[in-house]
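1. Structure for the following, please:
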Amino acid sequence: MWIRKKDVEQLSEFVKGYISGEKLDIRANREGAFNILKNDIYSLVDKKNEQIKAIESERDILSDYMADISHQLKTPITSMMIMADLLEDAEPEKQAEFIHNIQFSLNKMEWLVEALLKMAKLDAHAIDFIKKDIHTSELLEAVKPLVAILLDINNQTTELKNDCTIHCDKRWTVEALTNIIKNAIEYSPKDSVIVVDSGENPMYSWISVKDSGMGMDRTKYAALFKRFENSTSENGFGIGMPLALSIMKGQGGDIDVDFGGNGEGAIFILKFFK
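-> Numbering: from 1, shown residues only. As a prediction, this is how the structure comes out:
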């Protein structure tokens with residue numbers, strides 16, 4: 001087979017351009033072994049470029065998580081260092097207070113790191129969701145012990161209106177539902193009821209959580225599922241809702257919001273698409 005020198009030079013320039021980061025296209029729609037070779041080289045280069053982009057994306061995600069962890073841990077660590085320095089010379093009552101505060105900060109830090117690691121795994125698609133049919137009542141029963149203290153402090157209760165079969169990963173859905181209910185507790189007044197409902201239609205099964213607040217400001221929606229931007233609690237991090245959304249997205253689902261208002265609380269709807 002005879003190959004023109006010009007074609008070889010063009011192929012060589014393409015390879016050099018690829019090495020230097022240029023975007024070139026040498027694909028040919030003609031027959032012949034050499035044209036097949038050019039198409040194969042282009043496919044190889046295109047595949048390598050996609051792999052490089054994926055690696056860069058993962059690197060950026062890791063960098064963001066490291067920055068988030070560093071930022072969020074800085075304040076409690078500084079606080080604990082100050083209390084530790086004062087602990088030895090403090091009065092017994094003050095020592096007990098410092099020790100309690102240090103333990104509280106350590107628990108917060110542990111929860112934050114665990115939550116961020118979960119989000120990192122979800123973003124990296126490193127979790128295999130094991131979906132089974134389970135009743136909403138079973139999911140809610142698994143959530144209750146995790147929110148019992150918050151409900152007790154606020155003298156609040158949960159109420160399930162309708163039970164339904166949901167096809168989902170129980171462990172991760174309980175995690176998402178827990179964070180949604182915690183959010184509802186935070187935005188509901190004392191002595192109120194958090195209403196949980198469920199059902200299905202031809203497109204998806206759903207679980208809804210309605211708080212007893214005054215509804216949600218639409219202008220705050222953009223920040224609702226952004227990490228570290230939406231908590232109104234002094235002890236919160238603003239990461240529960242983003243984690244819940246990541247879990248639902250990982251299962252091929254989504255979270256919808258009815259903003260409420262006019263005396264009606266906001267409703268968060270977990271959608272499990274069929």
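
2. Please tell me I have it right and residue 240 contacts residue 183.
-> Yes. Here residue 240 reaches residue 183: they are 6.3 Å apart, a contact under Cβ atoms under 8 Å. (Each C-beta comes from the backbone N, C-alpha and C, glycine too.)

3. For residue 83, give its distance to residue 74.
-> The gap separating residue 83 from residue 74 is 15 Å, by Cβ to Cβ, to the nearest Å.

4. So which of these two has more stuff around it?
-> For residue 83 and residue 74, the more surrounded residue by other Cβ atoms under 10 Å is residue 83, and the numbers stand at 19 against 10.

5. Buried residues, stretch 203-219. List them.
-> 204-216 (16 or more other Cβ atoms under 10 Å).

6. I misspoke; the intended subject was stretch 120-134.
-> For stretch 120-134, by 16+ other Cβ under 10 Å, it's 120, 122, 123, 127, 134.

7. quick one, strands of the protein?
-> If you assign secondary structure with DSSP state E, the strands in the chain sit at 132-135, 157-160, 165-168, 193-200, 204-210, 254-258, 267-273.

8. Return the list of helices and strands in contact with the second one.
-> Secondary structure elements in contact with strand 157-160, counted by 3 or more Cβ pairs under 8 Å, 6 or more residues apart in numbering; DSSP states H and E, are helix 136-154, strand 193-200.

9. Recalculate using a threshold of 10 Å.
-> The helices and strands touching strand 157-160, judged by 3 or more Cβ pairs under 10 Å, 6 or more residues apart in numbering; DSSP states H and E, are helix 136-154, helix 170-186, strand 193-200, strand 204-210.

10. That strand pairs with which strands, parallel or anti?
-> Here strand 157-160 has these sheet partners by DSSP bridges: strand 193-200 (parallel).

11. Please compute how far the partner strand lies from its chain's middle.
-> 22 Å (Cα atoms, centre = their mean, to the nearest Å).

12. Bridged to residue 264, which residues?
-> Bridge pairing for residue 264 - DSSP bridges - gives residue 261.

13. what about it, how many residues close to it?
-> Neighbours of residue 264 under the rule other Cβ under 10 Å: 15.

14. ok, it - contacts?
-> Residue 264 sits next to 210, 211, 212, 213, 214, 215, 258 when contact means Cβ atoms under 10 Å, 6 or more residues apart in numbering.

15. could I get those as CSV with distance to residue 67 and pLDDT?
-> Compiled in CSV, these are given as follows (distance: Cβ to Cβ, whole Å; pLDDT from 0 to 100):
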residue, distance to residue 67, pLDDT
210, 35, 96
211, 32, 94
212, 37, 92
213, 32, 89
214, 35, 89
215, 34, 87
258, 34, 92
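
16. What is the nearest of those to residue 161?
-> Among those, residue 210 lies closest to residue 161 (Cβ to Cβ), at 9.3 Å.

17. From residue 178, how far off is that closest one?
-> Taken as Cβ to Cβ, the span from residue 210 to residue 178 is 16 Å.

18. got it, and residue 164?
-> Using Cβ to Cβ, residue 164 is found at 18 Å from residue 178.
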